[in-house]
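1. quick check, what structure comes out for this input:
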Amino acid sequence: MSTPSPMSTPSPLPPPGCPAHGLGQAGPRRLYGPAAEHDPMALYEELRAEHGAVAPVLVHDDQPAWLVLGHRENLEVARTPSRFSRDPREWGAVQDGTVVPEKYALAPMVTWWPVINFNDGPAFERLRGAVLESLQRFDRRGMRRYVTRFAHQLIDAFAANGEADLVSEFSSQLPMLVMTQLIGAPEEHGPRLVRAVPDMLEGSETALESDEYVTKMLYQLVESKKASRGYDLTSWLLDHPAELTDVEVLAHVRVVLVAAYATTANLIANTLRMVLTDPRFRANLSGGRMTLPEALEQVLWDQTPINTVLGRWATADTVLGGQEIKRGDMLLLSLAAGNVDPAVRPDLTAPVHGNRSHLAFSAGPHECPGQDIGRAIADTGIEALLARLPDIELTVHDFELERRGTLMSQHLVRLPVRFAPRSVTATAPRTDPEPLPPLAPLKEAVQAATGRPQSRWSWLNRLIGRR
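-> Next up, the predicted model:
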């Protein structure tokens with residue numbers, strides 16, 4: 001595949017319906033489907049070689065977009081919302097009626113809602129201020145006690161077996177158990193949320209049922225905190241001077257809860273995989289030459305929890321990475337590709353574990369506000385696991401580990417390990433909470449806030465990225 005001459009004139013993004021769409025190398029490449037999702041990093045490098053730092057691509061239903069591959073260009077888009085808005089109503093395909101957001105395949109990412117994800121300017125500043133200031137109120141030492149407690153509970157469940165799957169039995173459970181406490185939900189909801197949130201994100205046959213459970217639980221939580229505040233995120237959002245509505249409080253607790261699960265579960269699994277498969281990594285860690293927080297930063301460079309963030313929309317004609325971007329064009333930030341940009345990492349084998357200039361949590365105003373909480377959960381949880389099971393080892397070869405993913409992210413399916421069995425003290429069995437109340441009052445509040453009736457509860461998945 002040839003690289004265009006630096007002096008060549010970039011081709012404009014073809015309009016929808018252009019014959020070049022999806023026809024091999026003649027037009028933009030598709031970012032969806034089995035081929036693109038099997039090895040996204042290989043596709044990113046092909047696009048970088050063919051187009052440079054910004055490449056024309058096609059997203060679902062062959063809608064044209066720009067994939068931002070360069071590290072500098074990712075920062076430029078993320079840090080200038082005046083040029084690249086987070087508000088999906090700026091999308092030209094929505095404005096001219098080509099796409100109806102609620103009916104589009106990527107509805108969760110292109111349907112506007114009154115949350116930080118889809119706003120800029122004063123509305124965004126008001127909402128982000130409330131979320132960020134509330135998250136910053138957590139006592140890190142107290143939070144680590146929660147992590148340690150739940151990590152040991154999870155380890156106790158499999159320590160006597162001498163084997164475990166660290167994805168299903170550890171990394172996918174720990175973040176949700178901790179976040180249940182941080183949002184102020186009753187502890188008995190933790191085990192059910194561990195099952196419900198991954199289920200609704202995967203879009204299984206029971207996804208809508210899981211989605212409704214999560215929504216009902218959060219509705220009940222907001223109502224209970226209105227009557228009796230606590231030391232938790234929900235209470236602090238209710239009390240914040242920004243005066244969030246009940247719908248805004250529920251929606252932002254939902255954003256934090258689901259985002260923390262998705263990114264932190266990936267971060268824990270990816271770090272454990274590297275510890276178990278890279279001899280240099282484990283030797284550095286055990287020999288004291290690399291601390292666990294430094295190891296996490298290395299993983300955030302090499303295996304971002306989120307591959308791609310959709311989307312941004314150009315507010316005016318502009319130029320980015322040598323490409324002519326038109327007003328209303330959609331852009332996708334490829335965080336994973338930006339992290340391996342040769343302009344900032346000419347040698348990918350060189351350690352960068354002390355460097356936090358990676359794009360794993362994006363950048364600019366919309367940079368992830370809860371990243372330090374995710375780091376703390378991953379750091380403390382992995383430390384507890386390695387301390388309890390120092391002889392842990394992978395039972396398969398690294399190349400046998402399966403990954404599954406979408407346009408946005410990839411995750412390990414399993415991480416099977418073995419170790420010498422340990423005796424543990426039996427813990428009380430977990431029980432599910434009582435049935436939750438109906439949602440009629442919340443449905444009415446949502447319709448008033450957005451101007452749209454809601455006939456099913458997949459709407460809140462729009463706040464995090466996929467159905």
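
2. in the stretch 51-200 of the chain, which spans are helices?
-> For the stretch 51-200 of the chain, the helices defined by DSSP state H, counting those that start in this stretch cover 71-79, 92-95, 107-110, 121-135, 140-158, 174-182, 189-202.

3. how far is the last one from where the chain is centred?
-> Spelled out, that is helix 189-202. With Cα atoms, centre = their mean, to the nearest Å as the basis, helix 189-202 stands 15 Å off its chain's centre.

4. from residue 154, how far out is residue 213?
-> Distance of residue 213 to residue 154, given as Cβ to Cβ, to the nearest Å: 22 Å. All C-beta spots, glycine's among them, are computed from the backbone N, C-alpha and C.

5. and residue 403, by the same measure?
-> Taken as Cβ to Cβ, the span from residue 403 to residue 154 is 22 Å.

6. neighbour count winner among the two?
-> Neighbour tally, residue 403 and residue 154, criterion other Cβ atoms under 10 Å: the higher count belongs to residue 154, 21 against 16.

7. list the contacts of that one.
-> Neighbour list for residue 154: 169-170, 173-174, 177 [criterion: Cβ atoms under 8 Å, 6 or more residues apart in numbering].

8. counting neighbours, which of those comes out on top?
-> Counting neighbours by other Cβ under 10 Å, the top entry in these is residue 174, with 28 neighbours.

9. do you know the pLDDT at that residue?
-> As predicted, residue 174 sits at a pLDDT of 95.

10. from memory it sits against residue 147, does it?
-> Yes. Taking contacts as Cβ atoms under 8 Å, residue 174 lies within contact range of residue 147: 7.1 Å.

11. mutual contacts of those two, please.
-> Each of 377, 381 lies in contact with both residue 174 and residue 147 under the rule Cβ under 8 Å, 6+ apart.

12. give me the low-pLDDT residue ranges for the chain?
-> 1-26, 202-204, 280, 282-289, 425-467 (pLDDT under 70).

13. just the strands in it please.
-> Along the chain, counting by DSSP state E, strands occupy 29-30, 54-59, 63-68, 84-85, 163-165, 308-314, 318-320, 323-325, 330-334, 393-394, 403-405, 410-412, 416-418.

14. centre of the chain to the third one, how far?
-> To tie it back to what came earlier, the one meant is strand 63-68. Centroid separation for strand 63-68 versus its chain: 20 Å, with Cα atoms, centre = their mean.

15. could I have stretch 332-348 exported to PDB, CA atoms only?
-> Output of stretch 332-348 as PDB, limited to C-alpha atoms (Å, rounded to 0.1, in the frame of the first residue of the first chain):
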ATOM      1  CA  LEU A 332     -13.700   9.800  15.600                       C
ATOM      2  CA  LEU A 333     -10.700  10.000  18.000                       C
ATOM      3  CA  SER A 334      -8.600   6.900  17.800                       C
ATOM      4  CA  LEU A 335      -6.900   7.000  21.200                       C
ATOM      5  CA  ALA A 336      -5.200   3.600  20.600                       C
ATOM      6  CA  ALA A 337      -3.700   4.800  17.300                       C
ATOM      7  CA  GLY A 338      -2.600   8.100  18.800                       C
ATOM      8  CA  ASN A 339      -0.700   6.300  21.500                       C
ATOM      9  CA  VAL A 340       1.400   4.500  19.000                       C
ATOM     10  CA  ASP A 341       1.900   7.400  16.600                       C
ATOM     11  CA  PRO A 342       5.500   7.200  15.400                       C
ATOM     12  CA  ALA A 343       5.800  11.000  15.800                       C
ATOM     13  CA  VAL A 344       5.700  10.500  19.600                       C
ATOM     14  CA  ARG A 345       6.800   6.800  20.000                       C
ATOM     15  CA  PRO A 346       9.300   6.000  17.300                       C
ATOM     16  CA  ASP A 347      10.400   3.000  19.400                       C
ATOM     17  CA  LEU A 348       7.400   1.100  20.800                       C
END
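
16. buried ones in that stretch?
-> Residues 332-341, 344-345 are the ones in stretch 332-348 that count as buried (16 or more other Cβ atoms under 10 Å).

17. distance between it and the chain's centre?
-> On the basis of Cα atoms, centre = their mean, stretch 332-348 sits 18 Å off its chain's mean C-alpha point.

18. how about residues contacting stretch 165-178?
-> Contacts with stretch 165-178, where a contact means Cβ under 8 Å, 6+ apart, come from 143, 146-147, 150-151, 153-155, 157-158, 164, 190-191, 193-194, 197-198, 257, 260-261, 264-266, 268-269, 272, 374, 377, 381, 385, 411-417.

19. now the residues you listed: which count as buried?
-> Using 16+ other Cβ under 10 Å as the burial test, the contacts of stretch 165-178 include 143, 146-147, 150-151, 154-155, 157-158, 164, 190-191, 193-194, 197-198, 257, 260-261, 264-266, 268-269, 272, 374, 377, 381, 385, 411-412, 415, 417 as buried.

20. which residue comes closest to residue 356 once chain neighbours are left out?
-> Take residue 356 and drop its neighbours on the chain: the residue closest to it by Cβ to Cβ, 6 or more residues apart in numbering is residue 297, 6.0 Å away.

21. any idea how many residues pack against residue 375?
-> The burial count for residue 375: 17, using other Cβ under 10 Å.

22. now the closest residue in space to it that isn't next to it in sequence: how far from residue 360?
-> Nearest residue to residue 375 in three dimensions, chain neighbours excluded: residue 296, at 6.1 Å (Cβ to Cβ, 6+ apart). Counting by Cβ to Cβ, the separation of residue 296 from residue 360 is 10 Å.

23. how about the contacts made by residue 422?
-> When contacts are counted by Cβ under 8 Å, 6+ apart, residue 422 is found next to 159-160, 388-389.

24. need phi/psi at it.
-> Phi and psi for residue 422, reported as degrees, to the nearest 10, are phi -120, psi 140.
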